[in-house]
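Undergrad: below are the sequence and a predicted model; questions follow.
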Amino acid sequence: MKLHLGTCQSVISTPYQAAPEPVKNDPPEALTYRFGENSAWVPTPRNHEEAIDLAKHAYPELRYVRRDRITFHTTGKTSIACITPAAWELVVRRLPHYHVVDIRIREPAEGEDDSGLPGYSYSAMDYVPQEKEEMYWGKIESGSGRSRLSRMISFVRGSDA
């Protein structure tokens, strides 16, 4: 009996790599907005513009801040990252339910001038009658009779009306 020995070939082994986590396609039902020391639960906005609308509604002090100066931030693996308008949908659908999203006001860029904007006292907007608010946001939508934004406002307020 003859024994044939094969040639020994080195096998390159790779370190163990965990399987990638499946991509979550459903956005969380709500997020936690944090501005300063205050937090508010809001329904998950579909896009960056809707996120700004909800921030302005949840925090009256943001109502007269220019939209382009309101920014959203979340914690990454090692640091805090800004969620850009272009990345909003991609990032938010991967966040867990009630994840904290920090709201910050971007400082005006050099040469940007806000001095021409009227100065309003925030106390003047402490109370807006619900009828005026609904008229402003548009209550009529085919089907349910209430717009998504109107339902979100009710959610933020904690009322079903």
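TA: Yep, it's here.

Undergrad: just checking, next helix/strand downstream of the lowest-mean-pLDDT helix or strand in the chain?
TA: Comparing every helix and strand of the chain by mean pLDDT, DSSP states H and E singles out helix 130-137 as the least confident one, with a mean of 56. Scanning forward in sequence from helix 130-137, with DSSP states H and E defining helices and strands, the next element found is helix 148-157.

Undergrad: and that next one, which residues are buried?
TA: Taking 16 or more other C-beta atoms under 10 Å as the neighbour-count basis, helix 148-157 is seen to contain the buried residues 149-150, 152-156. Quick note: C-beta positions are derived from backbone N, CA and C, even for glycine.

Undergrad: output those as CSV; include the columns distance to Ala40.
TA: Putting the buried residues of helix 148-157 into CSV (distance: C-beta to C-beta, whole Å) gives the following:
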residue, distance to Ala40
Leu149, 16
Ser150, 17
Met152, 12
Ile153, 12
Ser154, 14
Phe155, 10
Val156, 6
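
Undergrad: the strands in the protein, which residues?
TA: Secondary structure of the chain (DSSP state E): strands located at 30-35, 38-43, 70-75, 80-83, 100-105.

Undergrad: so can I have a markdown table of those showing mean neighbour count and distance to Glu61?
TA: A markdown table is the format used below for the strands of the chain (neighbours: other C-beta atoms under 10 Å; distance: least, C-beta to C-beta, whole Å):
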| stretch | mean neighbour count | distance to Glu61 |
| --- | --- | --- |
| strand 30-35 | 19 | 8 |
| strand 38-43 | 16 | 9 |
| strand 70-75 | 17 | 11 |
| strand 80-83 | 14 | 20 |
| strand 100-105 | 17 | 9 |
